[in-house]
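**Student:** next one to model:
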Amino acid sequence: MIVESAAIFGITICILIVFVRSGNADYAIATLPLLIVPAANVLGWPVASLVNNMMPGNQLYLVRCFVDVLGVAIACGLIALFSGKVKAKKKKQLYVGMCSLYCIVLTCVFIYNALPKL
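**Tutor:** Here you go, the predicted model:
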């Protein structure tokens, strides 16, 4: 899913550029946490290989899934942090709910595809 992660990352960067060019820099900043999950998935392989060499046994898939879960935790934390700029309560709940749900579902897909097939 490295190619898919790179495509999601590229599309999100395009969305950020459109927000900045249209004068909505606040929207671009609020969209930044969505980049963390695909970036964590791309960086998960090298980090997992590096950590796997330091640990006894073969822990490659465990470490890779841990990097993905760590990425979604950081993303959801930043989403909650950036929601402070949203004044309306309903809009804030919608922003936090939808962005967090997107990150969690995307992480579940990445973890499912990262696990070895039996």
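**Student:** contacts only, for Ile15.
**Tutor:** Thr31 (Cβ atoms under 8 Å, 6 or more residues apart in numbering). Just so you know, the C-beta spots here come from the backbone N, C-alpha and C atoms, and that holds for glycine as well.
**Student:** how does it look with 10 Å?
**Tutor:** Going by Cβ atoms under 10 Å, 6 or more residues apart in numbering, Ile15 touches 27-28, 31, 34-35.
**Student:** buried subset of those?
**Tutor:** 28, 31, 34-35 (16 or more other Cβ atoms under 10 Å).
**Student:** which one of those sits closest to Val42?
**Tutor:** Leu35 (10.6 Å; Cβ to Cβ).
**Student:** roughly how far apart are the closest residue to that closest one other than its chain neighbours and Asn52?
**Tutor:** Among residues not flanking Leu35 along the chain, Thr12 sits closest, at 5.4 Å (Cβ to Cβ, 6 or more residues apart in numbering). Thr12 sits 29 Å away from Asn52, going by Cβ to Cβ, to the nearest Å.
**Student:** for the residue nearest the centre of the chain, which residues are in contact?
**Tutor:** The structure's the chain has its C-alpha centroid closest to Val37; by Cα atoms, centre = their mean the separation is 1.5 Å. Counting by Cβ under 10 Å, 6+ apart, Val37 touches 5, 8-9, 12, 68, 71-72, 74-76, 102-107, 109-110.
**Student:** can you pull the pLDDT of it?
**Tutor:** Predicted confidence (pLDDT) for Val37: 95.
**Student:** Three-state assignment for it, please.
**Tutor:** helix (DSSP: H, G, I helix; E, B strand; the rest coil).
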